[in-house]
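Pasting a predicted model and its sequence here:
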Amino acid sequence: MAQHRVRAVYMRGGTSRCLAFHARDLPSPGPERDHILLSALGSPDPYGRQLDGLGGGMSSLSKAFIIGAPTHPDAQVDYTFAQIEVDRSVVDYTGNCGNCSSAVGPFAIDERLVPSADGETAVRIHNTNTKKIIVARVPVTDGEAAVLGDFALPGVAGLGARIALDFLDPGGSRTGRLLPSGRARELIAGVEASMVDATNPMVFVRAKDLGLTGTETPQAMDGAEEQQLHRALAAAHDHADLLVLEPAFELEEHRLALVEGQLLHRFVELIALLPAQPEPLGIVLAAPRDRVGQLDPGRPAPPLRHQIRCDLVEPC
């Protein structure tokens, strides 16, 4: 059987790696497109290595995005993010990835999809997953996205060019409201939690309420602790279902933030404690406290209308 070639670009954005495709080179959305993405990344792999593809055996290294002509009047390109599960035949389009978002501007410039000028070029991006606009501010040298620079990003070796992402009106990406239930705090299976929707729906719980410290490393998590996280996510899913918020808080997405004190936050995705904090968590933490942390229970939450900026290292 002859192999079919599909053009792609292998990129790093922030602390993630992803495969970048032109929409014109792929089938229309559906099983055939998903099959190509799964095969390219090497999923499903019961051994968790993705040895037969370009994935890295963990969620942050098993991603793809697709760039097409804009369908939003305020954008220059459409950007669809795809999270490919490592050990299952699942391609998830329900949320966005901030790390991969940082690779979209350079891809659009290098592929000559948008005009650019040396210095800094702003690329307006329509994320189709969340229906939100992102502005990537990309350094450009000799007509191409710059790679060299003096910007350091924790978790990434070396230095690179700095990319700023402006997330315009990020609140309510899936549910239409920053606080989907209208309350700052919920009681979920006896545990106090906050359900927040800013770029991606997320549930915040205190680490100590799950018998954790919030300082556990991914390698140190044992089976019992993982089961505790799974139970917390399942409870959050059931609670969201009762509030008619599901599927925005689908269990498939597994997005849970562990909070301890004022500044210690850990993120759980796909029942795995991530070694780095993702952009959506940073955006939620950047939301004004008077909209999240200091609202009275039951008081309606005002919409989040702020522009939030994240800095990420230039893709290589």
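On my side now, so go ahead. Numbering: from 1, shown residues only.

going forward, measure contacts and count neighbours with C-alpha atoms only.
OK.

so what pLDDT did residue 195 get?
At residue 195 the predicted local confidence, pLDDT, stands at 77.

actually residue 182, not the one I typed
Residue 182 is assigned a pLDDT of 79 by the prediction.

does it belong to a helix or a strand, and which?
Counting by DSSP states H and E, no helix or strand carries residue 182.

and it, how far is that from residue 171?
When distance is defined by Cα to Cα, to the nearest Å, residue 182 is 13 Å away from residue 171.

So if I had to pick from these two, which one is more boxed in?
Higher neighbour count among residue 182 and residue 171: residue 171, with 29 against 17, using other Cα atoms under 10 Å.

Now do the more buried one against residue 73, distance only.
According to Cα to Cα, residue 171 stands 20 Å off from residue 73.

what mean pLDDT would you report for the helix or strand containing residue 80?
Secondary structure from DSSP H and E places residue 80 in strand 77-84. Average pLDDT, strand 77-84: 97.

same check, this time on stretch 30-38
Here stretch 30-38 scores 97 as its mean pLDDT.

Domain ranges for this protein, per the record?
The chain breaks down into these structural domains: 9-169, 186-300 (assignment by automatic domain parsing).

Helix, strand, or coil at residue 205?
Classification of residue 205 using DSSP: H, G, I helix; E, B strand; the rest coil returns strand.

ok, and the closest non-adjacent residue to it?
In space, not counting the residues next to it along the chain, residue 205 is nearest to residue 193; the distance is 4.7 Å by Cα to Cα, 6 or more residues apart in numbering.

Could you list every helix and strand in contact with the one helix or strand the one you found maps to?
Using DSSP H and E, residue 193 falls within strand 191-198. With contacts defined as 3 or more Cα pairs under 8 Å, 6 or more residues apart in numbering; DSSP states H and E, the packing partners of strand 191-198 are strand 186-188, strand 200-206, helix 279-286.

For the domains of the chain, which has the smallest mean pLDDT value?
Mean pLDDT values for those show the minimum at domain 186-300, a mean of 58.

if I look at residue 21, how far off is residue 33?
When Cα to Cα is applied, the distance between residue 21 and residue 33 equals 11 Å.

should've said residue 43
Where residue 33 is concerned, residue 43 sits at a distance of 14 Å (Cα to Cα).

More neighbours: which of the two?
Set side by side, residue 43 and residue 33 give different neighbour counts by other Cα under 10 Å, the larger being at residue 43 (28 against 14).

How many residues are close by the residue nearest to residue 205?
A count of neighbours around residue 193, defined by other Cα under 10 Å, yields 21.

Compute the distance between it and residue 14, please.
When Cα to Cα is the yardstick, residue 193 and residue 14 sit 29 Å from each other.

ok, now residue 53?
The gap separating residue 53 from residue 14 is 21 Å, by Cα to Cα.

Compare neighbour counts for the two and give me the winner.
The residue with more neighbours, out of residue 53 and residue 14, is residue 14; 27 against 18, by other Cα under 10 Å.

give me the element the closest residue to that one other than its chain neighbours is part of.
In this structure, residue 14 finds its nearest non-sequential neighbour in residue 99, 4.7 Å apart by Cα to Cα, 6+ apart. With elements delineated by DSSP H and E, residue 99 resides in helix 98-110, which encompasses its position.

Remind me what the next helix or strand after that helix packs against, helices and strands.
Elements were assigned by DSSP H and E; along the chain past helix 98-110, the next helix or strand is strand 119-127. Other elements packing on strand 119-127 under the criterion 3+ Cα pairs under 8 Å, 6+ apart are strand 77-84, helix 98-110, strand 132-141.

Tell me who's in contact with the nearest residue to residue 118 once chain neighbours are set aside.
In space, not counting the residues next to it along the chain, residue 118 is nearest to residue 140; the distance is 4.7 Å by Cα to Cα, 6+ apart. Residues touching residue 140, when contacts are defined by Cα atoms under 8 Å, 6 or more residues apart in numbering, comprise 116, 117, 118, 119, 120, 121, 146.
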